[in-house]
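J.: 3D, please:
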Amino acid sequence: MIARLVLQTVLWLAGMGVLLFGAAGTLAWPAAWWYLIEVGVLSIWIGVWLARHDPALLAERLAPPVQAEQSRWDRLFMLGIALLWSGWLVVMGFDAMRFRWSAPLPVALVVLGALCVFLCIFMCRFVFKANTYAAPVVKIQTSRGHKVIDSGPYAHIRHPMYCAALLMFVGTPLLLGSWWGLAVVPVMVFGMGWRAVREERLLAAQLDGYTEYMARVRFRFVPFIW
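T.: Sure, this is the predicted structure:
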């Protein structure tokens, strides 16, 4: 499974690299190299940790993004987010390097971006430790005895993984130095919020105890906000 993890991570990074450097028109983009290295190292780290502590969840995380048990709307969402993410990387390559539409970001913001990327993946470790059912697709994992998780970060917000993703959304354009990339973030946050609402409807209808969990834990992404 480790070999599969490494292969999929390398292919994923290579795909992002093609989009970023292809749009930039140059390989001389240190921020993009740092971004890919940071994401790659942290992804391998958390994958190796999962292989030791929860191989069943790692198998779910490595599964295809479109699955038979998955809701039709989530299949469309996964396709849409893949297209949006790809277009987003291209826009940032155009903006930060090829056409330089935006003024360079202050170094402090670039460092903040790198920190946000780190915190996103670091936070995911706590999510995975608490929730062995944290698959990347929306489905009820009946064969694995799917049940409501209300410990760890789930005791405070209903979607801690999405909360972590918000840091990735903000950190990526900051690290890459793209104001235009940052401008796209609200669209991505809206999409994630839409998915969270649809996901909760499915869980409330099909997973015992989820309605009661929603009543106990009021906030989806950020405590006291939403």
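J.: from now on I want contacts and neighbour counts done on CA atoms only, so please keep to that.
T.: Will do.
J.: do you know how far residue 21 is from residue 36?
T.: Distance, residue 21 to residue 36, by Cα to Cα, to the nearest Å: 11 Å.
J.: so the two - more neighbours on which side?
T.: residue 21 (22 against 18; other Cα atoms under 10 Å).
J.: could you find the closest non-adjacent residue to the more buried one?
T.: residue 27 (5.7 Å; Cα to Cα, 6 or more residues apart in numbering).
J.: tally of neighbours for the one you found?
T.: With other Cα under 10 Å as criterion, residue 27 counts 13.
J.: now do the same for it: its pLDDT.
T.: As predicted, residue 27 sits at a pLDDT of 98.
J.: so it makes contact with residue 18?
T.: No - assessed by Cα atoms under 8 Å, residue 27 is found out of contact with residue 18, at 9.9 Å.
J.: which neighbours do these two share?
T.: Counting by Cα atoms under 8 Å, 6 or more residues apart in numbering, residue 27 and residue 18 have no contacts in common.
J.: and the residue most central in space within the chain, which helix or strand is it part of?
T.: The structure's the chain has its C-alpha centroid closest to residue 165; by Cα atoms, centre = their mean the separation is 4.5 Å. For residue 165, the host element (DSSP states H and E) is helix 160-176.
J.: likewise residue 45?
T.: Per DSSP H and E: helix 30-53 holds residue 45.
J.: ok, back up a step: the residue nearest to the centre of the chain against residue 122, yeah?
T.: No - using Cα under 8 Å, residue 165 makes no contact with residue 122, being 11.1 Å away.
J.: so which bits of stretch 134-147 are buried?
T.: 134, 135, 137, 138, 139, 140, 141, 147 (16 or more other Cα atoms under 10 Å).
J.: next, the distance between the ends of that stretch.
T.: So stretch 134-147: terminal residues 11 Å apart, Cα to Cα.
J.: what mean pLDDT does it have?
T.: 94.
J.: also stretch 59-77?
T.: On average, stretch 59-77 scores 91.
J.: neighbouring contacts of that stretch?
T.: In contact with stretch 59-77 (Cα under 8 Å, 6+ apart) are residues 1, 5, 8, 78, 134, 135, 136, 137, 138, 139, 140, 195.
J.: is it possible to get TSV of the residues you listed that adds distance to residue 41 and secondary structure?
T.: Formatted as TSV, these follow (distance: Cα to Cα, whole Å; DSSP: H, G, I helix; E, B strand; the rest coil):
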residue	distance to residue 41	secondary structure
1	17	coil
5	12	helix
8	13	helix
78	24	helix
134	21	coil
135	21	coil
136	20	coil
137	23	coil
138	26	coil
139	29	coil
140	30	coil
195	28	helix
